[in-house]
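In: sequence and computational prediction follow.
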Amino acid sequence: MNFENTKTKTAAVKNYLQKIYTSHIKTFDPLLLSYFPFIGWFIPMTMKKDDEFYMYHAKQGFILALFFTGVCTFLYFFLYFISVRADIFKFIIVMIIYILYIIYVSFAALGTRMILKGEKGELPFIGRYISVYTSKLNI
């Protein structure tokens, strides 16, 4: 009697997992990883080099990650050269780094939203610079 109940629940869970697999996992597009923080651009850039839409968003994700990683790394190194007694300056630099992380994640979310809509637009404020640097780097 208890065995039949367990068998029914197992079948229901199996059907639910199959539904999730067919609706989400099976249809996953690797392009959505373009703006994943710091290394997500690598997967779409290597998978479909001939697709212009893939490369556009992968390049934007690459320049975005390169910029924010470079600026935050510079600020972290700069943090060590500040005097021990200058705690307020260290606090300000750490807060700037956290604000940069928040800005980076918001740009990544905005870029992912553009991918989901199928748009090929520029990111606000830095879209111009990204297009200039991608053309200069020739990636």
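Out: Now that the structure is in, tell me what you want to look at. From a predicted model like this one, the values you see are computed outputs, not experimental measurements.

In: can you give the contact residues for the helix or strand hosting Lys9?
Out: Following DSSP states H and E, one finds Lys9 within helix 2-20. Outside helix 2-20, not one residue touches it by C-beta atoms under 8 Å, 6 or more residues apart in numbering. Every residue, glycine included, has its C-beta placed from N, CA and C.

In: show the subsequent helix or strand relative to it.
Out: helix 42-47.

In: buried sites along that next one?
Out: Buried residues in helix 42-47, defined by neighbour count with 16 or more other C-beta atoms under 10 Å: Phe42, Ile43, Pro44, Met45.

In: also stretch 123-139?
Out: Leu123, Ile126, Ile130, Ser131, Tyr133, Thr134.

In: got a list of what the fifth one touches?
Out: Residues near Tyr133 by C-beta under 8 Å, 6+ apart: Ile63.

In: kindly report the same for the last one.
Out: Taking C-beta under 8 Å, 6+ apart as the definition of contact, the neighbours of Thr134 are Lys59, Gln60, Phe62, Ile63.

In: how far is the helix or strand it falls within from where the chain is centred?
Out: In this structure, Thr134 sits in helix 127-137 according to DSSP H and E. Relative to its chain's centre, helix 127-137 lies at 18 Å (C-alpha atoms, centre = their mean, to the nearest Å).
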